[in-house]
Structure formats: structure tokens, C-alpha cells
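**Q** got a predicted model here, sequence first, then my questions.
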Amino acid sequence: MRLIENLRNHRGLWLLAIGISGFLSLATCTSRLHAQAGWEGETGVFVTPLAYTSNVEGEKVHPSVAYHYFHAGPIIGDFHEISTEIGFNKRFEVGYMHEFHELGDSGGLITPTGTDNLNYLWQNGFEVFNGKANIIPENFHKNIYIPAVSVGFIARTDVRNVGDYLTWNDTKNGGMHNEDVYLVASKTVTQFSKKVPIVLNAGVRGTNAELWGMGGNAPDWQAKAFGAVAFAFTGPKRSSIVLGSEASMQPHHPYGYTSFSDKGGLPLNIPTTLTYCTRIVPVPKYHVNVDFGVAQVAGRIFNNGHGEVVDLNARHSYGTQITWAF
């Protein structure tokens with residue numbers, strides 16, 4: 001069972017990979033990058049937020065919708081998300097997202113006597129609510145060295161993944177919940193080259209979620225750092241192409257699996273998530289963005305040296321998303 005929980009966490013890693021593609025999409029505009037939905041709907045790096053909010057010049061209210069897809073391999077399965085986000089006065093945003101999950105169908109746990117499927121630990125979907133407030137605008141008081149700084153939250157309900165699934169009883173509860181609260185700073189740097197802006201992003205989040213809920217809950221609240229960098233290039237006919245990467249620290253262990261002793265299980269250690277992605281804005285005036293991302297995740301997340309191994313077969317997972325702003 002522990003092996004399964006770790007597997008669930010691994011899935012969260014790939015989500016982060018997609019998150020970076022979201023961040024890159026924001027970087028496509030040379031001045032402001034405020035239309036891209038992250039993995040959980042907020043303007044950000046798909047799984048990590050940016051300080052920017054969803055907005056367009058000249059609009060006080062700016063809604064957008066997005067579809068996200070991630071292929072996490074034959075064990076974890078496929079993920080689909082639909083999100084909507086509304087920005088207000090260039091300083092605030094709120095949003096809602098629902099995740100749909102298609103179960104995988106093979107393997108995961110390898111033992112001396114064969115293999116066992118772990119796919120059942122990922123259940124179908126949960127709800128996500130988010131909000132963000134920009135407390136310091138970028139270039140405040142015309143100081144080009146001041147980044148945008150924002151605070152926000154992400155709340156997830158009805159989570160029934162990995163360790164959460166093991167304690168779930170549909171006659172008593174609808175699943176667990178977990179949250180993130182964060183402080184983040186973002187800066188678009190044009191001092192080195194106006195033709196190739198650089199977007200820098202860094203922050204810290206307090207979380208009791210494992211891999212943004214994709215791995216269920218973490219054992220307790222922890223502070224974790226995250227960051228990203230992206231380069232925006234101008235393509236044919238005013239299109240934009242963005243290349244970037246992202247890193248996000250994770251709670252080391254999922255809920256219920258912190259040592260060899262608890263539940264007689266395994267210490268499943270979750271590494272820092274790394275992602276690599278690109279974003280394309282084909283026609284800027286239509287506010288449509290297409291993202292592609294690859295996640296560097298842990299393939300073998302447990303090996304006791306005695307023939308028992310957890311391998312998620314998701315070392316190089318991929319995903320895509322489409323965002324359309326009204």
C-alpha cells in the first residue's frame with residue numbers, strides 16, 4: 001500500500017512539469033504575462049503560481065477558460081482538467097477547476113514473485129478553488145527593479161488519492177482536503193535584450209498537499225520553495241514562442257508513509273519536481289495559447305535491495321494545455 005502511495009506522489013511530479021508550461025505561456029508577452037492558466041487554474045506555471053493575475057490592458061474584468069491534459073504513463077493513467085479564471089482590475093483573480101482522471105491499467109509494484117497493479121490508488125477527480133491578490137505591482141513607482149509580488153491560496157476538496165484513498169469511506173466522507181498558501185514574486189527582465197525578454201519567478205508556499213493533491217495529502221504543513229525561468233522569442237507573423245524550466249520542492253513523504261515502521265510500510269521519498277516546456281501564441285489578438293511540457297519525474301521511487309521495487313514508468317511524462325481568454 002505504501003508503494004502505491006508513493007506512486008501517487010510521483011504523479012504529482014509530472015503535474016509540476018505541466019505547470020511549467022503554464023508559466024512559460026505567461027512569458028510570451030514582452031511586457032505583461034497575465035492570461036495563462038496554470039495546472040490548477042491560477043495564472044502561473046501550471047502547478048506553481050506567478051505573481052501576475054489574469055488580465056488584459058483596458059479590461060477591468062477578464063475571464064478565461066482552459067483545458068489541460070497530461071499523460072502519466074500506463075500505471076498512473078491520464079488526467080484532464082477544465083478550469084475557469086476571472087481577473088479583476090489587474091490586481092485580483094479567483095477561479096475554479098475540476099480534475100478528471102482516467103485510470104491506468106498495469107504494474108507499478110515489482111516483487112520477487114511478480115508485479116501488482118497500483119493504479120486503483122488514483123481515484124476520479126477532485127475540486128480546486130483558488131484566489132490571488134497582487135500587493136506590489138511590477139515596476140512600482142516606476143522602479144524597474146521591483147518585481148510584482150502577490151499572495152494567494154489554493155484549496156482542494158474531495159481528494160481520494162494514494163494515502164487519502166486508504167482512509168476513504170464513501171458512507172462517512174467524500175474525501176480529504178488540503179490547501180496551499182503562498183507568497184510569490186515575478187519579474188519580466190528586458191534590460192539585457194528587448195527582443196528576448198526573460199521571465200523570473202520565485203516564491204514559497206505553505207502546504208499540506210503532496211504534489212498539489214495529485215499525491216493526496218502530506219503528513220503535516222510544510223514550507224516549500226519554488227521557482228522558474230523562461231525566455232520569450234518572437235515567431236513568424238507576431239507569434240510568440242517561449243522556452244523555460246521550473247523547479248518546485250515537495251514534502252518528502254506522502255500521508256501515512258514517512259518511515260519503515262508506520263503501517264509496516266516503506267519510506268517513500270518525493271524529490272524536487274523539475275519541468276521543461278514550451279509555449280506558442282499563434283495569433284496574439286485572439287488570446288489563444290498552446291503549451292507543451294515534459295516532466296522529469298522519479299521512475300523508480302522505491303527499491304529495498306531485496307527485489308521489491310516501485311516503478312511508475314513515468315520518468316519522461318508529457319502534457320499539453322490550451323487557454324482561451326474572452
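**A** All right, it came through fine.

**Q** how close does residue 224 get to residue 81?
**A** If you measure residue 224 against residue 81 using Cβ to Cβ, to the nearest Å, the figure is 22 Å. Every C-beta, even on glycine, is put in place using the N, C-alpha and C of the backbone.

**Q** those two: which has the busier surroundings?
**A** residue 81 (24 against 20; other Cβ atoms under 10 Å).

**Q** helix or strand: which one has that one?
**A** strand 77-88 (DSSP states H and E).

**Q** in that strand, what counts as buried?
**A** The neighbour-count check on strand 77-88 (16 or more other Cβ atoms under 10 Å) flags 77, 79, 81, 83, 85, 86, 87, 88 as buried.

**Q** same deal with stretch 232-251?
**A** 232, 240, 241, 242, 244, 245, 246, 247, 248, 249, 250, 251.

**Q** hang on, the first one packs against residue 195?
**A** No - under the criterion of Cβ atoms under 8 Å, residue 232 is not in contact with residue 195, lying 9.2 Å apart.

**Q** between the buried residues of strand 77-88, which is nearest residue 53?
**A** Residue 53 lies nearest to residue 87 out of those, by Cβ to Cβ, at 4.9 Å.

**Q** which residues touch the closest one?
**A** Shown in contact with residue 87 (Cβ atoms under 8 Å, 6 or more residues apart in numbering): 34, 43, 53, 54, 55, 61, 62, 63, 64, 93.

**Q** I'd say residue 79 and residue 69 touch.
**A** Yes - under the criterion of Cβ under 8 Å, residue 79 makes contact with residue 69 at 7.0 Å.

**Q** got any residues that touch both of the two?
**A** In contact with both residue 79 and residue 69: residue 319, using Cβ under 8 Å, 6+ apart.

**Q** residue 40 and residue 283, how far apart?
**A** Taken as Cβ to Cβ, the span from residue 40 to residue 283 is 26 Å.

**Q** more neighbours: those two, which one.
**A** residue 40 (30 against 10).

**Q** could you pull up phi and psi at the more buried one?
**A** Main-chain torsions, residue 40, degrees, to the nearest 10: phi -100, psi 20.

**Q** alpha carbons of stretch 83-95, as PDB, please.
**A** The C-alpha coordinates for stretch 83-95 follow below in PDB (Å, rounded to 0.1, in the frame of the first residue of the first chain):
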ATOM      1  CA  SER A  83     -10.700  25.500 -15.400                       C
ATOM      2  CA  THR A  84     -12.100  29.000 -15.400                       C
ATOM      3  CA  GLU A  85     -10.500  32.100 -14.000                       C
ATOM      4  CA  ILE A  86     -11.600  35.700 -13.600                       C
ATOM      5  CA  GLY A  87      -9.300  38.600 -13.100                       C
ATOM      6  CA  PHE A  88     -10.400  41.900 -11.600                       C
ATOM      7  CA  ASN A  89      -8.700  45.400 -12.000                       C
ATOM      8  CA  LYS A  90      -5.300  43.800 -12.800                       C
ATOM      9  CA  ARG A  91      -4.800  43.100  -9.100                       C
ATOM     10  CA  PHE A  92      -7.100  40.200  -8.200                       C
ATOM     11  CA  GLU A  93      -8.200  36.800  -9.500                       C
ATOM     12  CA  VAL A  94     -10.400  33.900  -8.400                       C
ATOM     13  CA  GLY A  95     -11.100  30.600 -10.100                       C
END
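
**Q** quick check: buried residues in the next helix or strand after the strand holding residue 81?
**A** Counting by DSSP H and E, the next helix or strand C-terminal to strand 77-88 is strand 92-103. Judged by neighbour count using 16+ other Cβ under 10 Å, the buried positions of strand 92-103 are 92, 93, 94, 95, 97, 99, 101.

**Q** do the same with stretch 319-326
**A** Under 16+ other Cβ under 10 Å, the buried positions of stretch 319-326 are 319, 320, 321, 323, 325.

**Q** dump these into a markdown table; add secondary structure, distance to residue 120 and pLDDT as well.
**A** What follows is the buried residues of stretch 319-326, written out as a markdown table (DSSP: H, G, I helix; E, B strand; the rest coil; distance: Cβ to Cβ, whole Å; pLDDT from 0 to 100):
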| residue | secondary structure | distance to residue 120 | pLDDT |
| --- | --- | --- | --- |
| 319 | strand | 22 | 80 |
| 320 | strand | 26 | 82 |
| 321 | strand | 27 | 79 |
| 323 | strand | 32 | 79 |
| 325 | strand | 38 | 74 |
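
**Q** export these to CSV and tack on distance to residue 202?
**A** Conversion of those to CSV gives the following (distance: Cβ to Cβ, whole Å):
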residue, distance to residue 202
319, 23
320, 26
321, 23
323, 23
325, 25
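
**Q** any idea which of the contacts of residue 87 is closest to residue 113?
**A** residue 43 (49.0 Å).
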